[in-house]
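**Q** Build me a model:
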Amino acid sequence: MLDADARTLLMAISMQTTVYVFSGVIRNYLIGYKDVRDLDVVIRNIGKIEIPTSIISRCRITKNSFGGYKLHTGNLNIDVW
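**A** Below you'll find the predicted structure:
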């Protein structure tokens, strides 16, 4: 369901902390809908998370309206809290 950049980014984060995925992406997966427009995740705060430059350089990062961050990668927006 995710493109290669989004999958690589989430794998890099999940290797360092717990990642909880929520939102409509779960429902869409269960009903067989393959397109993902956005993804909402919560990560366990453990301090600094290292993301390789080769991954993060392909993302645009902005602050979202709920106090988290929005990572724009490819055609996907990932909201991270």
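**Q** Can you tell me how far residue 46 is from residue 15?
**A** According to C-beta to C-beta, to the nearest Å, residue 46 stands 12 Å off from residue 15. Where C-beta positions appear, they are placed from N, C-alpha and C, glycine not excepted.
**Q** which other helices and strands contact the helix or strand of the chain with the lowest mean pLDDT?
**A** In the chain, the helix or strand scored least confidently by mean pLDDT, DSSP states H and E is helix 24-30, which has a mean of 85. Contact analysis of helix 24-30 by 3 or more C-beta pairs under 8 Å, 6 or more residues apart in numbering; DSSP states H and E lists strand 38-43 as its packing neighbours.
**Q** what's in contact with the strand it packs on?
**A** Outside of strand 38-43, the residues within contact range by C-beta atoms under 8 Å, 6 or more residues apart in numbering are 2, 6, 10, 13, 17-23, 25, 49, 76-81.
**Q** From these, which land in helices?
**A** Per DSSP state H, helices hold the following members of the contacts of strand 38-43: 6, 10, 13, 25.
**Q** Turn those into TSV, columns for distance to residue 54 and neighbour count.
**A** Output for those, formatted as TSV (distance: C-beta to C-beta, whole Å; neighbours: other C-beta atoms under 10 Å):
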residue	distance to residue 54	neighbour count
6	14	21
10	15	21
13	14	20
25	25	19
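**Q** just curious, which of those is nearest to residue 58?
**A** When those are compared for distance to residue 58 (C-beta to C-beta), residue 6 wins out at 10.0 Å.
**Q** Could you give the number of residues near residue 29?
**A** By the measure other C-beta atoms under 10 Å, the count of residues near residue 29 is 13.
**Q** low pLDDT regions in the protein?
**A** 1 (pLDDT under 70).
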